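>>> heads up, no residue letters with this:
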C-alpha cells in the first residue's frame, strides 16, 4: 500500500468534499476506509494498492467530476 496526498483546488462547500470522497472511493485499488478529504486544507489523503491504481487514475477520478488536482504525491 502507498499513501497519496492530493492538493486540490479550494473547496467551497461540504458537498464538494463529499463528491470528491465518493469519486476517490470508486477507484479500484483505493482503500475506501482511508479516504479523507480535509475541507479547510483542500487536501485529500488516502491509501492505495499500486498494483491496481496510480496517481494518474486517482487524479483523473477527481478531475472527471469537475475539480482540479493541483499536485499529487505518493510515498
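Arrived safely, thanks for sending. Keep in mind the model is a prediction, meaning the values are calculated, not measured.
>>> quick one: the helices in this structure?
All helices of the chain, identified by DSSP state H, fall at 14-25, 55-63.
>>> helix 14-25 and the last one, what's the angle between them?
When you say that, I think you mean helix 55-63. Put simply, helix 55-63 runs at 150 degrees to helix 14-25, going by axes from the mean of the first three to the mean of the last three Cα atoms, to 10 degrees.
>>> just the buried residues of helix 55-63, please?
Within helix 55-63, the residues scored as buried using 16 or more other Cβ atoms under 10 Å are 55, 58, 59, 61, 62. From N, CA and C alone the C-beta is placed, and that goes for glycine too.
>>> save these as TSV, and put in distance to residue 71 and pLDDT too.
Listed next are the buried residues of helix 55-63 as TSV, based on distance: Cβ to Cβ, whole Å; pLDDT from 0 to 100:
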residue	distance to residue 71	pLDDT
55	10	97
58	12	98
59	10	98
61	16	98
62	12	97
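>>> quick one, strands of this protein?
For the chain, the strands defined by DSSP state E occupy 2-8, 36-38, 43-48, 69-74.
>>> of all those, which lies closest to residue 27?
Nearest to residue 27, of all the strands of the chain, is strand 43-48, at 7.4 Å by Cβ to Cβ.
>>> got the angle for that closest one vs strand 2-8?
Going by the same axes, to 10 degrees, strand 43-48 makes 160 degrees with strand 2-8.
>>> now the angle from strand 43-48 to strand 69-74?
40 degrees.
>>> and strand 43-48, what other elements does it pack with?
Contact here means 3 or more Cβ pairs under 8 Å, 6 or more residues apart in numbering; DSSP states H and E; on that basis strand 43-48 packs against strand 2-8, helix 14-25, strand 36-38, helix 55-63.
>>> and it, which residues are buried?
43, 44, 46, 47, 48.
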